[in-house]
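# Next input, structure requested:
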Amino acid sequence: MSDMLEYYKCPNCGGSVEFNVSGQNLKCPYCDTEFDIGALNEYEKDCLNDSGDSMNWQSSGAAWSENDANGMMTYICHSCGGQIVTDSTTAASKCPYCDNPIVMMGQFEGGLKPDLVIPFRIDKRAAEEALRNHVKGKFLLPKSFSSENRIEEIKGVYVPFWLYDCDAEAHIRYKATMKHSWTSGDYLYTETSYFKVIRDGEISFNKVPADGSSKMPDDISQSIEPFDYNGCVDFRPDYLSGYLADKYDVGSDVGAQIANARIHKSTESAFRSTVSGYSSAVQESANIRFKRGNAIYALMPMWILSTNYRGQIYRFAMNGQTGKFIGDLPMDTGKFWRLFAGITAAVTALVFLLSSVL
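Purely as a prediction, here's the structure:
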């Protein structure tokens with residue numbers, strides 16, 4: 001098990017330094033000193049090389065079995081000496097004893113280093129405000145939800161993504177029709193002409209995303225898209241300070257299957273949009289080939305929130321760059337059935353009125 005930690009302490013006051021969303025730099029929340037990304041690297045390396053006194057104690061406890069320890073990692077916090085136990089994919093966290101933000105560099109060993117990262121642009125306070133705005137104006141939401149629910153957890157997480165670049169060559173055939181109708185005397189005539197429409201061409205795709213974490217449901221990660229990839233910067237561990245981060249546990253080959261399906265669907269949609277001027281057009285066949293494919297490993301910012309309402313947990317997610325917010329809410333069933341009954345009564349009255357007039 002690796003105990004390699006990257007941690008950031010303020011040289012002025014010794015406080016824990018975190019990534020600052022507004023300044024896009026590192027900032028000490030205690031003395032407000034700000035540092036450029038990368039400026040503390042040499043200082044932190046010197047701190048990591050310091051070794052303190054140690055004492056060996058005898059323990060009667062049983063050792064972890066191979067099955068017990070599978071998937072678990074133990075780290076030593078160099079700020080207070082506390083031991084941190086995490087699963088094998090957590091790459092950033094906070095010490096539970098001194099709250100020091102840490103980046104678990106050992107977690108990147110044995111895997112690929114991220115190529116890119118999109119830093120958080122929205123802070124924790126804005127995420128909490130987004131949750132309050134999310135519940136406004138929801139007619140079927142219980143009135144007591146806003147007053148009784150409380151935030152159980154809110155955490156900023158860097159989620160691993162695979163970004164795929166490729167070119168797609170397509171040969172797609174459609175069966176199209178053109179209809180012309182006219183009347184003659186008491187008869188309506190329709191003439192239908194059939195056409196074979198072929199589209200050949202090439203289309204390029206850049207940074208098609210696929211979630212690289214098995215712990216993050218695909219429906220959530222896809223629902224908060226898109227990210228603005230113009231905001232990507234070269235990866236540095238500094239950006240992770242003060243946030244959680246997962247290392248990918250879904251390989252690029254598995255993610256490619258998701259990306260391929262999205263690229264295939266987007267290619268068909270793009271080519272179909274060029275078939276116009278017909279009464280109808282039905283796709284008969286599609287031959288789509290990918291080439292010059294390239295996978296990029298990146299970390300994307302996401303806020304995960306959970307709230308407790310009458311013993312039930314409701315979870316929400318927000319794009320940490322764009323602010324797009326998603327999440328399920330409870331429904332007041334009494335309001336729903338009253339609304340349903342009102343609509344049913346109105347429709348019944350309208351049908352009775354129309355039948356009386358006719």
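
# only C-alpha atoms for contact and neighbour calcs from this point on.
OK.

# For the stretch 101-250 of the chain, which segments count as strands?
Remark: strands assigned in the stretch 101-250 of the chain by DSSP state E, counting those that start in this stretch are 101-103, 116-117, 150-184, 187-211, 233-234, 244-246.

# Ok, which of those strands comes nearest Tyr297?
When the strands of the stretch 101-250 of the chain are compared by Cα to Cα, strand 150-184 sits nearest Tyr297, at 4.9 Å.

# Just name whatever secondary elements that closest one is in contact with.
helix 124-134, strand 187-211, strand 244-246, helix 252-272, strand 280-309 (3 or more Cα pairs under 8 Å, 6 or more residues apart in numbering; DSSP states H and E).

# Of these, flag the one that's most buried.
Highest mean neighbour count of these: strand 244-246, a mean of 23 (counted as mean count of other Cα atoms under 10 Å).

# That strand pairs with which strands, and in what direction?
strand 90-94 (antiparallel), strand 150-184 (parallel) (DSSP bridges).

# least reliable of the ones you listed going by mean pLDDT?
When mean pLDDT is averaged over each of the strands paired with strand 244-246, strand 90-94 scores lowest at a mean of 57.

# Let's have the helices and strands packed on strand 150-184 in TSV, adding mean pLDDT and distance to Gln321.
Listed next are the helices and strands packed on strand 150-184 as TSV, based on pLDDT from 0 to 100; distance: least, Cα to Cα, whole Å:
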stretch	mean pLDDT	distance to Gln321
helix 124-134	82	11
strand 187-211	92	15
strand 244-246	78	15
helix 252-272	91	22
strand 280-309	88	6
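
# Could you dump these into TSV with distance to Ala168 added?
Shown next, in TSV, are these (distance: least, Cα to Cα, whole Å):
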stretch	distance to Ala168
helix 124-134	38
strand 187-211	5
strand 244-246	31
helix 252-272	8
strand 280-309	5
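
# Out of these, which gets nearest to Arg173?
Among the helices and strands packed on strand 150-184, the nearest to Arg173 by Cα to Cα is strand 187-211 (4.6 Å).

# That closest one - contacts with which helices or strands?
When contacts are defined as 3+ Cα pairs under 8 Å, 6+ apart, strand 187-211 packs onto strand 150-184, helix 252-272.

# if you set the cut-off to 10 Å instead, what comes out?
strand 150-184, helix 218-223, helix 252-272, strand 280-309 (3 or more Cα pairs under 10 Å, 6 or more residues apart in numbering; DSSP states H and E).

# mind listing what it pairs with, with the direction of each?
Its sheet considered, strand 187-211 pairs with strand 150-184 (antiparallel) by DSSP bridges.

# Would you mark the buried spots in the partner strand?
By neighbour count on 16 or more other Cα atoms under 10 Å, the buried set for strand 150-184 is 154-174, 176-177.

# Please find the angle between the direction vectors of that strand and strand 280-309.
Computed by axes from the mean of the first three to the mean of the last three Cα atoms, to 10 degrees, the angle separating strand 150-184 from strand 280-309 equals 160 degrees.

# Give me the contact list for stretch 272-281.
The contact list for stretch 272-281, computed with Cα atoms under 10 Å, 6 or more residues apart in numbering, reads 172-180, 192-199, 266, 282-283.

# repeat that for 7 Å
Outside of stretch 272-281, the residues within contact range by Cα atoms under 7 Å, 6 or more residues apart in numbering are Tyr174, Lys175, Ala176, Thr177, Met178, Lys179.

# distance between the ends of that stretch?
End-to-end span of stretch 272-281 (Cα to Cα, to the nearest Å): 9 Å.

# same question, stretch 178-197
By Cα to Cα, the extent of stretch 178-197 from end to end equals 12 Å.

# which other residues reach it?
The contact list for stretch 178-197 (Cα under 7 Å, 6+ apart) reads Arg173, Tyr174, Lys175, Ala176, Thr177, Tyr278, Ser279.

# separation between the closest residue to Ser204 other than its chain neighbours and Gly320?
Nearest non-adjacent residue to Ser204, counting by Cα to Cα, 6 or more residues apart in numbering: Asp167, 4.3 Å away. Asp167 is 29 Å from Gly320, where distance means Cα to Cα.

# One more: Ala256?
24 Å.

# and if you look at Gln222?
Separation of Gln222 from Gly320 (Cα to Cα): 14 Å.

# who has more neighbours, those two?
Applying other Cα atoms under 10 Å to Gln222 and Gly320 shows that Gly320 carries more neighbours, namely 28 against 12.
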